[in-house]
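1. could you look at this predicted model? Sequence included:
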Amino acid sequence: MQSRVNDCIMRHDRGFNCAQSVACTYADLVGCDEVTMFKMTEGLGLGMGGMQGTCGALSGACVLAGMKNSGGDLEMPATKGSTYQLSREMVRRFQSVAGATACKDLKGVETGEVLHPCPACITDAAKIVEDVLFPGMFED
């Protein structure tokens, strides 16, 4: 299957926030329709609404981890640990390539130095999603 990284950027160019750009692109692969995913991730853009929190692209990736991995068992939740492992690996990889995970740091809110612009954050998060959540499914 062809990589969907460019699809993420196209969504962002159409006005999707960073979380929506990543999460909506892969929604079909985790059993979610795009409209529901769009609504679910709307508050995660702009560093969770104000540049102070986690990068939206990375947050969208972690939403995908839960959607893909969770057993959805409300009585006996048993998949949290493995979902946390997937999310932790994606956070680690993102930190490694972007230099930070908080939107305010990536955008240089306090320093005036942009570490990683939104398109790069989206591209990197999408590549990480494809590698960690869907290994071997996508070609470059």
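-> Yep, that arrived. Numbers count the residues shown, from 1 in each chain.
2. low-confidence ranges in this structure?
-> Counting by pLDDT under 70, the chain shows low-confidence ranges at 140.
3. need the helices for it, in chain order.
-> Using DSSP state H, the helices assigned to the chain run over residues 5-13, 18-25, 34-41, 45-49, 56-69, 80-98, 103-106, 118-132.
4. for residue 138, find the nearest of those.
-> Smallest distance to residue 138 across the helices of the chain (CB to CB): 4.5 Å, for helix 118-132. Just so you know, the C-beta spots here come from the backbone N, C-alpha and C atoms, and that holds for glycine as well.
5. against which helices or strands is the closest one packed?
-> helix 5-13, helix 18-25, helix 56-69, helix 80-98 (3 or more CB pairs under 8 Å, 6 or more residues apart in numbering; DSSP states H and E).
6. tell me which residues in it are buried?
-> Neighbour-count burial for helix 118-132 flags 118, 121, 122, 123, 124, 125, 126, 127, 128, 129, 130, 132 (criterion: 16 or more other CB atoms under 10 Å).
7. just the CA atoms of that helix, as PDB, please.
-> Output of helix 118-132 as PDB, limited to C-alpha atoms (Å, rounded to 0.1, in the frame of the first residue of the first chain):
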ATOM      1  CA  CYS A 118       3.600  22.100  11.600                       C
ATOM      2  CA  PRO A 119       4.100  20.400   8.200                       C
ATOM      3  CA  ALA A 120       7.300  18.700   9.400                       C
ATOM      4  CA  CYS A 121       5.500  17.600  12.600                       C
ATOM      5  CA  ILE A 122       2.700  16.100  10.600                       C
ATOM      6  CA  THR A 123       5.000  14.400   8.200                       C
ATOM      7  CA  ASP A 124       7.100  12.900  11.000                       C
ATOM      8  CA  ALA A 125       4.100  11.800  13.000                       C
ATOM      9  CA  ALA A 126       2.600  10.100  10.000                       C
ATOM     10  CA  LYS A 127       5.800   8.300   9.200                       C
ATOM     11  CA  ILE A 128       6.000   7.100  12.800                       C
ATOM     12  CA  VAL A 129       2.400   5.900  12.700                       C
ATOM     13  CA  GLU A 130       3.000   3.900   9.600                       C
ATOM     14  CA  ASP A 131       6.200   2.400  11.000                       C
ATOM     15  CA  VAL A 132       5.000   1.700  14.600                       C
END
